[in-house]
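Novice: Any chance you could fold what I've pasted below:
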Amino acid sequence: MRRFGPAIALSLLILVTAPVMVQIRRLFFDLFPGTAARLLMLAFAALLALAMLWAVARIDRHRPLRYAGLVLVLGLLWLQTWGFSQADPVVSLVERVHVVEYGLLAVLLYRAWRPAGGVEACLLVFLWATFAGTADEWVQWFFPQRVGEIRDVAINAAAAATGVLFALCLWPPAGRWRATAAGWRRIRRSAALVLLNAGFFVYAAHLGYEIYDPQIGRFRSWHTADQLRALAAERAVAWDVPQPPTGRELCCKQDYYLTEAARHHQHRNESFRAGLYVLAWHADQILQRYYAPYLDKRQANGRTPRARPDMRRELDRAAARADPSTYYSPVLRDRIFVRPSKAVFLALLLPACAGLWLLPAARDQRGA
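Specialist: You can find the predicted model right below:
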């Protein structure tokens, strides 16, 4: 187990720092105003250049194939860091940090699993680096100010696959390439655990409900309409204090009722500033009917999120032009999935995981 020590230490470091990464990023950008993004880009480029120079210096045999592998690594890194990058430069920088973290984790895991052989080592490294990447997103989903989503799990998995390829170029398998029956059993059971972990993450972080209100229209939520009403009654009491929760506390689980309310509030204000008064009216109606306690909760500036008199007048005039039958709020539509339903999703997930865990094991035993 000692050879797994560096990989375990890196995984724990990633998980421990995940809740406070926003504060770390903010501190870095405050220390280097105007140049923080450029410094991070230069650091990423320098790290990549050093890694490639080190790899080229170590390659002493099978050079054409291993050099081709390094070129493929560069292509994959370009796709992950620039080809599919987000429009927000800060988000793109965070994604590049993920690429470094999980690429390095894959290299460390490969060093530990290399004696298992080519196929087994590569697949186990990819699977368990993906498991760690999903655990990272679980932590981000749990704590306030972080966003855990399946897209980032995919980014972590892609970085892990790139790290495996880089490690293969550095240290080709010392022994066999093919996996044994026991090796395939370990791979399949590892895949079952990774699928179960990722599946429950999707269940918790992404599956939700479409709520239709004939007087407003449709919107998505992690809660049912009845749950939203119950939560509203609960929050009306809990937030009736001089200093209600801000949603930024690191000592507790993220309040997704508050998260939803804040997103509808943001959409209302952005729509109003853009002159889209009908859309702002719909968002305001959703807030009034399902998130009323949020409208009475004072913010950091001492104000409540209720519409100001000038906004109220425009929204009231826009009400006559609103059509609830066609309105579908864009808020959280990119994060909350309503198909398949939660019941159907579990009905598909659990048998798939059980099949990976049990059925191949019986076949391996017959073939042994």
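Novice: ok now do the nearest residue to Asn269 once chain neighbours are set aside, which residues does it touch?
Specialist: Spatially, and ignoring its direct neighbours in sequence, Asn269 is nearest to Ala280 (7.7 Å; CB to CB, 6 or more residues apart in numbering). (Each C-beta comes from the backbone N, C-alpha and C, glycine too.) Shown in contact with Ala280 (CB atoms under 8 Å, 6 or more residues apart in numbering): Arg268, Asn269, Ser271, Phe272, Met311, Glu314, Leu315, Ala318.
Novice: try it again with 10 Å
Specialist: Contact analysis of Ala280 by CB atoms under 10 Å, 6 or more residues apart in numbering lists 267-274, 307, 311, 314-315, 318.
Novice: In those residues, which has the lowest confidence score?
Specialist: Here the lowest pLDDT out of the contacts of Ala280 sits on Ala307, with 92.
Novice: Now do the SS call for it.
Specialist: coil (DSSP: H, G, I helix; E, B strand; the rest coil).
Novice: Which element, helix or strand, includes the residue nearest to Asn269?
Specialist: Using DSSP states H and E, the element containing Ala280 is helix 277-290.
Novice: got a pLDDT number for the most centrally placed residue in the chain?
Specialist: Among the residues of the chain, the one closest to the centroid is Glu149, at 2.8 Å (CA atoms, centre = their mean). Among the per-residue scores, Glu149 holds a pLDDT of 94.
Novice: same check, this time on the one 5 residues further on
Specialist: At Ala154 the predicted local confidence, pLDDT, stands at 94.
Novice: what's the answer for Ala18, then?
Specialist: Predicted confidence (pLDDT) for Ala18: 89.
Novice: so it makes contact with Ala132?
Specialist: No. The pair Ala18 / Ala132 is not scored as a contact, 11.2 Å apart, by CB atoms under 10 Å.
Novice: These two: which is more packed in?
Specialist: Ala132 (25 against 19; other CB atoms under 10 Å).
Novice: Look at that one and give its secondary structure.
Specialist: helix.
Novice: Could you do Arg61 as well?
Specialist: coil.
Novice: any idea how far Tyr327 is from it?
Specialist: 65 Å (CB to CB, to the nearest Å).
Novice: Those two: which has the busier surroundings?
Specialist: Tyr327 (19 against 7).
Novice: Look up the closest residue to that one, ignoring the ones flanking it.
Specialist: Nearest residue to Tyr327, sequence neighbours excluded (CB to CB, 6+ apart): Gly217, at 2.9 Å.
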